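Enquirer: pasting the sequence and the predicted coordinates here, then a few questions.
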Amino acid sequence: MSRTPAEAQPVQLIFDFDSTIVAIEGLDELARLALADDPQRARTMEAIEAITRDGMTGAIGIDESLRRRLAMLTIKRSHVDALVKLLKRRLSPSFRKHIAAVRRNADRIHVVSSGFREYVEPVCAELGIPAERIHCNEFRWKGTAVVGYDAANPVAKPGGKAKVVRALKLPGRIVAIGDGVTDAEIRDAGAAHEFVAYCENIEREAVVARADRVARTVDEVLWLYRLPGSPSFPKSRMIALLCENIHADAAQVLRDEGYRVETLSDALAEDELARALKGVSILGIRSKTRVTARALESADRLLAVGCFCIGTEQVQLPAAAAHGVAVFNAPYSNTRSVVELAIGEIVMLMRRVPDVSRLLHDGGWRKSATGCTEVRGKTLGIVGYGHIGSQLSILAEAMGMHVIYHDLEECLALGNARKCRSLAELLGKADVVSMHVDGRASNHHLIGERELRKLRPGALLVNLSRGHVVDLAAVAASIRAGHLGGAAVDVFPEEPLSNRDPFDSPLRGLPNVILTPHVGGSTSEAQQAIGEFVAARLVEFVNTGGTSGCVNLPQISAPPVPRSHRFLHLHRNQPGVLAAVNAVFARRKINILGQALRTDDAMGYLVTDVDRRYAADVVDELKAVPGTARLRVLY
Ligand SMILES: NC(=O)c1ccc[n+]([C@@H]2O[C@H](COP(=O)([O-])OP(=O)(O)OC[C@H]3O[C@@H](n4cnc5c(N)ncnc54)[C@H](O)[C@@H]3O)[C@@H](O)[C@H]2O)c1
């Protein structure tokens with residue numbers, strides 16, 4: 001199926017009504033209302049729905065489908081009135097969302113349906129489609145009761161829709177759009193040039209197989225034919241490719257937004273990635289997929305990369321920025337998991353569990369309280385009072401510990417925690433020191449031989465931050481010398497690249513030492529939180545252009561402005577771009593409703609909301625502004 005818009009030319013859209021303009025089947029709902037008090041309701045409804053299905057897939061003709069369904073029902077005016085109310089509420093979501101764009105194109109929209117004017121017309125009136133462009137059947141009435149229908153109406157007969165369309169003698173390119181086989185027949189009979197299978201509400205394989213194109217939303221239809229009010233690229237055509245077994249919640253968030261989501265369990269090598277990126281708008285990876293400048297070269301639609309993990313070093317960030325591709329990660333979604341492991345390890349070290357556990361595994365037994373203490377009343381020294389450090393502070397206090405902390409920044413003390421003016425002060429007071437600083441280069445060996453000597457004898461050390469922060473050889477020497485009472489280490493200066501590679505450390509085999517393979521943040525809850533967090537950032541970026549949390553573009557938080565168009569202009573950070581962009585708007589007398597600009601060393605990001613009225617070629621002019629890396633138009 002084609003992914004590119006059709007050539008611009010005058011186009012007439014022939015829409016089906018049921019399960020296309022509205023999300024449900026009108027006649028089935030009418031049956032439900034008419035049978036409300038019928039004791040046989042369930043059985044009759046089942047039979048009616050089966051007939052509807054057979055009609056849609058072409059198993060029986062529309063004449064038979066109508067006759068058999070209506071013969072089972074006693075329909076009153078009140079049922080039809082109730083149906084109209086219901087259908088107005090159940091417009092297909094994209095018709096409701098893009099009602100202004102549909103109204104703008106109403107003069108090229110015709111509705112050809114085997115439904116009934118009594119309910120089709122008032123619903124279409126809401127969309128600005130006048131009665132004369134609605135071609136459907138009519139009920140026969142006796143007082144307030146339906147006693148039949150116009151069986152001679154062409155839409156009540158097989159092939160009738162095509163006859164109706166042909167009789168309209170419409171100029172230009174005629175496109176039939178609907179969810180059923182009878183809509184495909186319009187094209188098959190030569191009355192329309194194309195058939196678009198409309199799958200917003202239901203996707204029938206037999207119908208899709210006969211389609212020239214597939215559309216999942218009405219804005220996608222408008223986009224396909226480049227009609228006024230269509231978006232720059234409809235969400236329902238956006239493909240999100242999620243590699244490396246990303247949590248299913250992320251896929252769901254993206255699907256709920258209307259994107260097509262494709263998932264892979266493995267990472268892709270550079271060449272495979274380059275091929276897979278064709279047509280993809282959103283890429284989700286974890287730590288193994290390397291997004292190189294070369295892979296980005298072949299990404300023709302890529303808007304954003306979501307790293308569903310903490311680090312982003314697997315992505316060539318400047319190259320992504322130069323392509324206008326935003327990169328997001330989830331730096332804080334596993335905070336709680338790290339904190340819980342730290343708490344657990346502090347308890348284990350104070351009770352010397354590593355030693356007795358090893359002894360029992362080896363078949364020994366030693367029951368003793370010597371050297372074992374409660375955490376209650378002990379002093380925990382937290383180095384780095386950021387996301388993890390401050391949360392650890394709360395949990396440790398809840399367990400009765402006294403908390404002291406040291407941070408380079410001015411941080412608000414939580415609970416009864418007390419700030420230490422220097423690292424040395426903290427080291428001299430703590431029973432256990434827990435490291436939660438970031439990985440900046442100056443933190444290399446923040447804890448070395450000199451710092452360990454400042455600790456009280458028997459004090460404990462926990463490091464779940466970065467491997468280079470603690471000098472492990474010095475830690476090993478201190479433990480051997482009987483000064484440091486034990487350590488828990490989750491991060492190492494050099495970590496094996498895979499589970500098949502061997503591990504070594506000066507701490508192996510030492511008493512009261514817990515070693516874990518960088519799993520502080522590795523829990524299913526953290527994976528889920530990462531999935532939700534990154535997916536939400538991606539959706540925000542695609543929907544509003546907002547770059548909060550973006551790691552390679554200037555950050556702008558940009559809530560949508562009602563009744564406006566939004567231009568997202570990403571450019572190289574060079575003088576004069578803002579003036580040049582605004583000169584384009586000024587020349588064309590386009591009213592700017594709001595504007596935000598942020599720059600970093602390399603790139604500038606300009607978000608401009610303008611009045612809804614603007615000429616289409618303004619987009620080309622903006623793209624031609626020197627320094628432009630990418631231009632996107634929203635709504
Ligand atoms: N083990 C794991 O699986 C795992 C998981 C998540 C995070 N981490 C690591 O944990 C660390 C903390 O993460 P976070 O989310 O709390 O980061 P954060 O950026 O929120 O906090 C770090 C804090 O450390 C402070 N700091 C930096 N250098 C310091 C120094 N020399 N002395 C005192 N304070 C200093 C900063 O000012 C900041 O407040 C990071 O290194 C992160 O990479 C490890």
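Expert: Perfect, I can see it now. Numbers count the residues shown, from 1 in each chain.

Enquirer: please count neighbours and contacts with C-alpha atoms only from this point.
Expert: Fine.

Enquirer: run through who's touching the top helix by length along the chain.
Expert: As assigned by DSSP state H, the longest helix anywhere in the chain is helix 524-544. With Cα atoms under 8 Å, 6 or more residues apart in numbering as the test, helix 524-544 has contacts from 246-251, 253-254, 257, 282, 303-309, 328-330, 333-334, 336-337, 546-549, 558-560, 634.

Enquirer: go again using 7 Å as the cut-off
Expert: Contacting residues not belonging to helix 524-544 are listed as 246-247, 249-250, 253-254, 304, 306, 308-309, 328-330, 333-334, 337, 546-547, 558-560 [Cα atoms under 7 Å, 6 or more residues apart in numbering].

Enquirer: could you pull out the buried residues of that helix?
Expert: 526-542, 544 (16 or more other Cα atoms under 10 Å).

Enquirer: report the buried residues of whichever helix or strand comes after that helix.
Expert: The helix or strand immediately downstream of helix 524-544 is strand 564-572, counting by DSSP states H and E. Buried residues in strand 564-572, counted by 16+ other Cα under 10 Å: Ser564, His565, Arg566, Phe567, Leu568, His569, Leu570, His571, Arg572.

Enquirer: next, the angle helix 524-544 makes with strand 564-572.
Expert: 110 degrees (axes from the mean of the first three to the mean of the last three Cα atoms, to 10 degrees).

Enquirer: re earlier: what subset of the contacts of helix 524-544 is buried?
Expert: For these, buried by 16+ other Cα under 10 Å: 246-247, 249-250, 253-254, 304, 306, 308-309, 328-330, 333-334, 337, 546-547, 558, 560.

Enquirer: mark which of the residues you listed are part of strands, please.
Expert: Ala304, Gly306, Phe328 (DSSP state E).

Enquirer: wait, the last one sits on Val551?
Expert: Going back to what we said before, that points to Phe328. Yes. The pair Phe328 / Val551 is scored as a contact, 5.9 Å apart, by Cα atoms under 7 Å.

Enquirer: ranges for the helices of the stretch 101-250 of the chain?
Expert: Ranges of helices in the stretch 101-250 of the chain, per DSSP state H, counting those that start in this stretch, are 117-126, 160-168, 181-188, 205-209, 218-224, 248-256.

Enquirer: any chance of the ones you listed in a markdown table, plus mean pLDDT?
Expert: As requested, the helices of the stretch 101-250 of the chain are arranged in a markdown table below (pLDDT from 0 to 100):
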| stretch | mean pLDDT |
| --- | --- |
| helix 117-126 | 97 |
| helix 160-168 | 96 |
| helix 181-188 | 94 |
| helix 205-209 | 92 |
| helix 218-224 | 90 |
| helix 248-256 | 93 |
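
Enquirer: so Leu283 lies in a strand, does it not?
Expert: Yes. According to DSSP: H, G, I helix; E, B strand; the rest coil, Leu283 belongs to a strand.

Enquirer: what separation is there between it and the ligand?
Expert: 23 Å (Cα to the nearest ligand atom, to the nearest Å).

Enquirer: also near the ligand: which of the buried ones among the contacts of helix 524-544, exactly?
Expert: Near the ligand, judged by Cα under 6 Å from any ligand atom, the entries from the buried ones among the contacts of helix 524-544 are Asn334.

Enquirer: tell me the bridge partners for the nearest residue to Ala192 once chain neighbours are set aside.
Expert: Nearest residue to Ala192, sequence neighbours excluded (Cα to Cα, 6 or more residues apart in numbering): Ile174, at 4.8 Å. Beta-bridge partners recorded for Ile174 (DSSP bridges): Gln12.

Enquirer: burial of Ile174, as a residue count?
Expert: 23 (other Cα atoms under 10 Å).

Enquirer: what residues does it make contact with?
Expert: Val11, Gln12, Leu13, Ala192, His193, Glu194.
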